[in-house]
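*Asks:* Take this sequence and fold it.
(one chain, ligands or ions: 2)
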Amino acid sequence: MNRQFVKVLSHVRPQHRSGVLCPKLFGVSRSPASPPTYPSAPASVRRFTTSSLLRSGSAASNPQMAFPCLDAVELRTKQIQSRSTLNGPEPSYTTGAHKSFTSKSPILLDYGGILQGFTIAYETWGELNADKSNVILLHTGLSASSHAKSNPDNPRPGWWEKFIGPGLALDTDRFFVICTNVLGGCYGSTGPSSIDPADGERYATRFPILTMEDMVSAQFRLLDELGVEKLYASVGASMGGMQSLAAGVLFPERVGSIVSISGCARSHPYSIAMRYTQRQVLMADPNWNRGFYYGQVPPHIGMKLARQIATITYRSGPEWEQRFGRQRADPSRPPALCPDFLIETYLDHAGEKFCLEYDANSLLYISKAMDLFDLGAVNREELRKLRQRNRYKLEPTHVQSTGVEEANQCSLSLPSQPYTEQPREDTPASKLSANQTDLVAGLAPMGDIPTLVLGVTSDILFPSWQQREVAETLKKTGNKKVTYVELGEDVSLFGHDSFLLDVQNIGGSVKRFLYG
Ligand SMILES: CC(=O)SCCNC(=O)CCNC(=O)[C@H](O)C(C)(C)COP(=O)(O)OP(=O)(O)OC[C@H]1O[C@@H](n2cnc3c(N)ncnc32)[C@H](O)[C@@H]1OP(=O)(O)O
Ligand SMILES: N[C@@H](CCO)C(=O)O
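*Replies:* Ligands and ions are numbered 1, 2, ... in the order given. The predicted model follows:
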């Protein structure tokens, strides 16, 4: 491990020890040994809080428990409701100054949606050389903005701050690094929170279903605009790893090399299950309101819970064993149903940090796009045919849909009969082999692109077997320039998020590959 874990409460910064504060909205004080304290709710709110519903102990055998964690989120709802009407109650999703590219020509999306125009927010570092041959396109994970690195216009540290710069993994003495906020995002690029030019209202859930390939196609429109014909490298981790591979499949002649860190060539059922659960939790928040919450209280409770589930998939059990063990935040207090164990206060804090920082609808659309990701030949062919069928939507004479007939197409209904296990014609072995063959055919366009596949053994979301699958599949396409690196548990226990944390091993491998 390249990092010291401290199994004591002192690891938790005092201001975060409550487990239920929202940095933007609450001030919470706590000394290391004292129990969590919460700001007291105004009288108007106290009426609704669970603590005020405590029943008189006269007849009960035991007192009712208190739920300060629920009081706190209810208080937040009230505070958002009563905020200034000037800016509207919803938070503004921005990470600061960035450049923007707006395409005036429409983009037809894989599943038939259309955007009449779109904007991509992006930032750059380093100098573009004369023949524009030193460009690295850096793809983000799910929730990141284009702000990968600080710059004079926005000195706030970026999400890959220590990986980009002179002499670093993405060496800005040599490369011109571009990072975008993805299509569907909420940090300056067109997404569900953007205005639909057709009616001047937010898209909300009238935003069309997206794919990774749609996001990558939008990025390549930006490259067209910048006059970049061929990338030196397409680099990304997590969802960015998916995009990095998708760029190689969609535009093989325009991609010089590929780095895929903790990515995959197709989403597997376990990762779909984990994202599905997050979406369901989020959509169950009444404030989500089927996506039409703009101008109202956003679904901060659903977002918080979704992020807690996500965090469980981003790190690893062994990391938490070392870091928190079974320690409770305050063993002197009786057990509570609100955050109690250190791992619980940690997850609570992760949810708090995120719940108003990111647009809920962006989370839904982008996580769905991750689920839909499959670079296998069969899926790619189906998407190609679908695009072909929808080409007419790009005709200038095409009248835009009123949304009604399209909405009907979107209405999945649950099967009327309970699921019964389907008999399989294939034996498991031949099924597996068919899957592999399909993926080899799908990745064939990358057969000549030098590729680094980097995985982390402690990653449960994009597990190392998927990394090996990508590397092995590429080799089967005839690609002789595949480098496979796996960080074992003796190197990193940070799980999926290792790509954000392990500068030495992740950054070092990327640097060696790019300089190779
Ligand atoms: C490409 C992309 O996807 S970029 C997107 C990256 N950004 C995010 O994911 C945003 C959310 N951030 C994170 O998930 C993390 O901060 C990371 C992955 C960026 C960095 O991880 P780490 O440095 O290991 O931070 P860690 O997960 O330990 O969290 C530290 C925070 O938890 C708090 N904390 C740690 N232990 C506890 C605990 N037991 N109880 C409560 N709070 C705790 C710390 O005080 C600290 O608070 P702060 O961030 O408000 O200062
Ligand atoms: N922590 C990362 C992981 C998923 O890429 C994120 O939130 O985007």
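*Asks:* tell me which strands and helices the biggest strand by length in the chain is in contact with?
*Replies:* Determined from DSSP state E, the single longest strand within the chain is strand 118-125. In terms of contacts (3 or more C-beta pairs under 8 Å, 6 or more residues apart in numbering; DSSP states H and E), strand 118-125 is packed against strand 99-103, strand 176-180, helix 212-226. Placement of C-beta: from N, CA and C, glycine included.
*Asks:* which residues touch it?
*Replies:* Residues from elsewhere that reach strand 118-125, judged by C-beta atoms under 8 Å, 6 or more residues apart in numbering: 98-103, 107, 145-149, 151, 154, 158, 164-165, 170, 172, 176-181, 183, 185, 187-190, 194, 218-219, 221-222.
*Asks:* Determine which stretch of the helices and strands packed on strand 118-125 is the most buried.
*Replies:* Comparing the helices and strands packed on strand 118-125 by mean neighbour count (mean count of other C-beta atoms under 10 Å), strand 176-180 comes out on top with a mean of 26.
*Asks:* Let me know the next secondary structure element after that strand.
*Replies:* Using DSSP states H and E, the helix or strand that follows strand 176-180 in sequence is strand 195-196.
*Asks:* Relative to that following strand, what are the paired strands and their orientations?
*Replies:* Strand 195-196 sits in its sheet next to strand 201-202 (antiparallel), going by DSSP bridges.
*Asks:* ok, now how distant is the residue most central in space within the chain from Ser367?
*Replies:* With distances taken as C-alpha atoms, centre = their mean, the residue of the chain nearest its centroid is Leu142 (1.8 Å). Distance of Leu142 to Ser367, computed by C-beta to C-beta, to the nearest Å: 7 Å.
*Asks:* ditto for Phe207
*Replies:* Phe207 sits 14 Å away from Ser367, going by C-beta to C-beta.
*Asks:* which non-adjacent residue is nearest Gly240?
*Replies:* Distance criterion C-beta to C-beta, 6 or more residues apart in numbering; nearest residue to Gly240, sequence neighbours excluded, is His139 at 3.3 Å.
*Asks:* For the one you found, give me its contacts.
*Replies:* By C-beta under 8 Å, 6+ apart, His139 lies in contact with 179-180, 182, 216, 219, 234-237, 239-241, 243-244, 247.
*Asks:* closest to Asp371 among the residues you listed?
*Replies:* Closest approach between the contacts of His139 and Asp371, by C-beta to C-beta: Met239, at 11.0 Å.
*Asks:* residues from the stretch 201-350 of the chain in reach of ligand 1?
*Replies:* Residues of the stretch 201-350 of the chain lying near ligand 1 by C-beta under 6 Å from any ligand atom: 238, 240, 324, 342, 345-346, 349.
*Asks:* residues near the closest residue to ligand 2 within the stretch 51-200 of the chain, how many?
*Replies:* Here the stretch 51-200 of the chain gets closest to ligand 2 at one residue, Gly141, 2.4 Å apart by C-beta to the nearest ligand atom. Neighbourhood size, Gly141 [other C-beta atoms under 10 Å]: 26.
*Asks:* Break down the stretch 151-300 of the chain into its helices, ranges please.
*Replies:* 212-226, 239-250, 269-283, 300-314 (DSSP state H, counting those that start in this stretch).
*Asks:* List of residues touching the third one?
*Replies:* Put plainly, it is helix 269-283. 264, 288, 299, 302-303, 305-307, 309-310, 313, 360, 363-364, 367-368, 370-371, 461-462.
*Asks:* what do you get for stretch 211-227?
*Replies:* By C-beta under 8 Å, 6+ apart, stretch 211-227 touches 101, 103, 107, 109-111, 118, 120, 122, 128, 132, 135, 137, 139, 178, 180, 182-184, 189, 229, 231, 239, 242-243, 246-247, 250-251, 254, 369-370, 372-373, 383.
*Asks:* Over to stretch 464-479?
*Replies:* For stretch 464-479, using C-beta under 8 Å, 6+ apart, the contacting residues are 245, 260, 262-265, 268, 436, 439-440, 443-444, 446-449, 451, 453-457, 482, 484, 486.
*Asks:* Any residues of the stretch 201-350 of the chain in contact with ligand 2? List them.
*Replies:* Residues of the stretch 201-350 of the chain lying near ligand 2 by C-beta under 6 Å from any ligand atom: 238-239, 314.
*Asks:* Ends of stretch 218-235, what's the gap?
*Replies:* One end of stretch 218-235 to the other measures 16 Å (C-alpha to C-alpha, to the nearest Å).
*Asks:* and it, how far out from the chain's middle?
*Replies:* Centroid separation between stretch 218-235 and its chain, computed with C-alpha atoms, centre = their mean, to the nearest Å, is 22 Å.
*Asks:* again, but for stretch 486-504
*Replies:* That offset, for stretch 486-504, works out to 18 Å (C-alpha atoms, centre = their mean).
*Asks:* Check whether it comes near ligand 1.
*Replies:* Yes: legend: contact between stretch 486-504 and ligand 1 by C-beta under 6 Å from any ligand atom is shown at 497, 500-501.
*Asks:* coming back round to it: Arg391: which of the residues of the stretch 201-350 of the chain next to ligand 2 is nearest?
*Replies:* Using C-beta to C-beta, these come closest to Arg391 at Met239, 27.5 Å.
*Asks:* my guess is the closest one meets Ser143, correct?
*Replies:* No: if you go by C-beta atoms under 8 Å, Met239 and Ser143 don't touch, sitting 9.0 Å apart.
*Asks:* and these two? which has more neighbours close in?
*Replies:* With neighbours defined as other C-beta under 10 Å, Met239 and Ser143 compare such that Met239 has more, 26 against 21.
*Asks:* separation between that one and Gly184?
*Replies:* Going from Met239 to Gly184 by C-beta to C-beta gives 11 Å.
*Asks:* intersection of neighbour lists for the two?
*Replies:* Common contact partners of Met239 and Gly184 (C-beta under 8 Å, 6+ apart): Ile366.
*Asks:* I figured Tyr314 hits Ser498, correct?
*Replies:* No: counting by C-beta under 8 Å, Tyr314 does not reach Ser498; the two are 9.6 Å apart.
*Asks:* send the alpha carbons of stretch 259-268 over as CSV?
*Replies:* The C-alpha trace of stretch 259-268 is given here as CSV (Å, rounded to 0.1, in the frame of the first residue of the first chain):
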residue,chain,number,x,y,z
VAL,A,259,-5.3,3.6,-22.6
SER,A,260,-8.2,1.9,-20.9
ILE,A,261,-8.0,1.9,-17.1
SER,A,262,-10.6,-0.1,-15.1
GLY,A,263,-12.9,0.0,-18.1
CYS,A,264,-14.5,-2.7,-20.1
ALA,A,265,-15.7,-3.7,-23.6
ARG,A,266,-19.2,-4.5,-22.5
SER,A,267,-21.0,-4.0,-19.2
HIS,A,268,-21.6,-7.1,-17.2
